[in-house]
Every structure is written in C-alpha cells, then in structure tokens.
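# quick one, structure for this:
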Amino acid sequence: MSSSSTPTPDGYKPELMSLGTECHHDACNLHDFLPFSCPACKLAFCQDHFLPSHHSCTAPLPPSMVDRIAPTCPLCNEVVSSTGHRGPNHAVEAHIMSGTCSGMEGGEARKKALLKARKDRGEVCFRRGCAKVLVVPMVCGTCTHKFCPSHRSAQSHSCTPTPVGSPAPTTTPGTPGGKSAMSRLLQSSGGSSAASSPRPVVAAPKPQTPSEPLSAQLEARAAAAQAALKRAGQDAKVPFVKTKTEKRADAELQSTIKSLKARHDKGLLTKAEQLRYAELLGQQESSRRKGSGGGKGGKDKDCIIA
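Numbers count the residues shown, from 1 in each chain. You can find the predicted model right below:
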C-alpha cells in the first residue's frame, strides 16, 4: 500500500508562514501578510472576512458604527457629515453658519475660495473637480502640485509645467506702477535721507593733449589746400599731411612687412609668402618716393626741397 502526500502548491514556502497572520475565520485559515482587524472584536482577518457581518462577530459594535446619520442641508441639499458626539441638527447648523452653504448669498464663492486655499496648501487633490482629502499626497514632478493617487499622472490632470526661474515683473519710472512706486519711495525717504545719501562722483573731463588739436589743425589745413588746388584746376594731394585712412593703411603695411621679415630671417617663408614679401617691399618703396616728391617729372631720384 503506497502512501499519498498532499500536493503542495507552486511557490509554497513554509519558512515564510511565520511572518504572516492567519485569518481567524473558521473556514479560511489564510496567512495574510497585511491583515485587517475587526472593528468590534479586534481580531485579525483577511480582507474578505474582517467586517463583523462576514465572520459572525458577537462583540458589540463601537459607537462610531452605531446610529450614524448623514443629514441633508435644507438650503443646498448637500449631505453634511456628522460625528457621533454631536447630533445631526448641530451638524446642519454649523454647516449653515460656516458661510459655505451655496443656498446662502455668497456661499458658493466662499466655498470655492476655501476649496482653492486647501488645494494650494496640499490638503485636497489639486485636479479640478476632485475634492478628495489627501492622506498620502502624490507630487507631480512637472507642475509640482499635489494630487490623489487617481490623478497623479500628468495625463490625468492636464499638467502644465511650472516656469523655472521666471524673472519677477519690474516697473519702470515711465509706467503708472513705476511712478507710484517712485512717489512712495520719495515720500518714505524724506529730506533727511536725501541729505545723508552720498552724491555721485562726477569724473573730471580728461585734459585734451596737445597732439590732438595739432593734428586737427593739420588736417584742416590739408583739406583747405586740397580745395584750393581743385579750384585752380590741379588735382593733387598735399604731400606734407596724411589722412587717417592713409595712416591706417600705412600702419597695416608696416605691420605686415615686419611679420614677414621676421619669418624671412628665420627661413620660414613659403613661395607665395616670398612673392608677397617682395611685392610689399616694392609698394613701400614706391610710397616713400611719392611722399618725397621723387616721382615728379618722371625722375626716380630723391630731391631735396629747400
């Protein structure tokens, strides 16, 4: 005769049975890791048998579960919650005297303002139309408001991101807000603060160097001489004064020649740079001869003007 053993369900671990609590229902005996307590007899049961009517409980019910009445407001037809230590008439009277009854004048607006304040404090779900009291608030990572578990996702509460680091609105003296702010500031400061405030230090103007008026006079004289030569029918430049453009071009030419000369002395010039260096030297020499008057009359030699 072979002995038969009771089949063990898959995943059954007897070493974990000591961690759970067995349901006290006679026909259940389920090990529950999160048991429920009966409000009357205080024994541990599973979720299906913790109510007094589900396990034939003989203990007396607590006062909070006996004769609970939810009265209705006669003005706004709203169900008013009442606890066991006060009667339904007292609960309705307190509801009307609170000013949030929509049947009274301004009651609806005060009720909405109170609900909005509770939503801003995180006591009620922030979603529009939801008035669930938050026991464990869920904070949205996008809009940073608090919601109930049903509306915690961004898709369920029409999430709009909160602007980060948005600059505060500033008022300028030209706007009405800026004018009023300036007037309040002047009135609060008074004459004493104006006398005690340090005056801004005005920097003294820089003295004009002698070279600046001298160069300006030379340019004015050169312009007058050119105008006189043009009126006489001679289109020629005055050789003893250079314009600003000519001075800038001459400085750039000297800088380029100096850098190419340094590379030429070290033997670092390429073929193209050697050709460019020769052209610039020729251009420098031509400019020097023109400035000294050597090119006049087709002669290449320098002449001395006495």
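
# please count neighbours and contacts with C-alpha atoms only from this point.
Fine.

# which parts of this structure belong to which domain?
14-65, 67-121, 125-159, 242-295 (automatic domain parsing).

# mind checking which helix or strand Cys57 is in?
Per DSSP states H and E: Cys57 is located in neither a helix nor a strand.

# typo on my end, Ala91
helix 88-97.

# residues in contact with that helix: which ones?
Ile69, Ala70, Pro71, Thr72, Cys73, Val80, Ser81, Ser82, Cys101, Met104 (CA atoms under 8 Å, 6 or more residues apart in numbering).

# and with 10 Å instead?
Helix 88-97 is contacted by residues 68-76, 78-83, 98, 101-104, 107 when judged by CA atoms under 10 Å, 6 or more residues apart in numbering.

# buried subset of these, written for ChimeraX?
Selection of the buried residues among the contacts of helix 88-97 in ChimeraX, burial being defined by 16 or more other CA atoms under 10 Å:
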select :70,71,72,73,78,80,82,101,102,103,107
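
# if we can go back for a sec, list the buried residues of the helix holding Ala91.
Pro88, Ala91, Val92, His95, Ile96.

# nearest to Gly129, of the residues you listed?
His95 (20.9 Å; CA to CA).

# how far away is that closest one from Val66?
Here the distance between His95 and Val66 works out to 23 Å (CA to CA, to the nearest Å).

# also Val124?
29 Å.

# got it, and Arg276?
109 Å.

# ok, now Ala44?
22 Å.

# swap in His264?
On the measure of CA to CA, His264 and Val66 end up 110 Å apart.

# quick one, which of the two is more surrounded?
His264 (15 against 10; other CA atoms under 10 Å).

# contacting residues for the more buried one?
Here His264 is in contact with Lys258, Thr270, Glu273, Gln274, Tyr277 (criterion: CA under 10 Å, 6+ apart).

# isn't Thr58 right up against Leu51?
No: counting by CA atoms under 10 Å, Leu51 is not a contact partner of Thr58; they are 11.8 Å apart.

# overlap in contacts, these two.
By CA under 10 Å, 6+ apart, the residues touching both Thr58 and Leu51 are Ala40.

# where does the residue nearest to Val136 when sequence neighbours are not counted land on pLDDT?
Spatial nearest neighbour of Val136, chain neighbours left out: Cys148 (7.6 Å); criterion: CA to CA, 6 or more residues apart in numbering. pLDDT for Cys148: 90.

# repeat for Phe50
For Phe50, pLDDT reads 90.

# same check, this time on Ser81
Note on Ser81: pLDDT of 76.

# so that it lines up with my notes, have the first residue be 15 from now on.
Noted, 15 is the first residue going forward, which turns the last one into Ser95.

# now do it against Val150, distance only.
For Ser95, the distance to Val150 (CA to CA) stands at 22 Å.

# what segments of the stretch 65-214 of the chain are helices?
Secondary structure of the stretch 65-214 of the chain, counting by DSSP state H, counting those that start in this stretch: helices at 102-111, 121-135, 190-210.

# mean confidence for the longest one?
Yep, that's helix 190-210 we're talking about. 49.

# same question for the first one.
Confidence for helix 102-111, expressed as mean pLDDT, is 82.

# dump it to PDB, keeping only the CA atoms.
Extracted in PDB, the C-alpha atoms of helix 102-111 (Å, rounded to 0.1, in the frame of the first residue of the first chain):
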ATOM      1  CA  PRO A 102     -27.500  65.900  13.100                       C
ATOM      2  CA  ASN A 103     -29.200  69.200  13.800                       C
ATOM      3  CA  HIS A 104     -26.000  70.600  15.300                       C
ATOM      4  CA  ALA A 105     -24.100  69.500  12.200                       C
ATOM      5  CA  VAL A 106     -26.500  71.200   9.800                       C
ATOM      6  CA  GLU A 107     -26.500  74.400  11.900                       C
ATOM      7  CA  ALA A 108     -22.700  74.500  11.900                       C
ATOM      8  CA  HIS A 109     -22.700  74.000   8.100                       C
ATOM      9  CA  ILE A 110     -25.100  77.000   7.500                       C
ATOM     10  CA  MET A 111     -23.200  79.200  10.000                       C
END
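
# perfect, that will be all.
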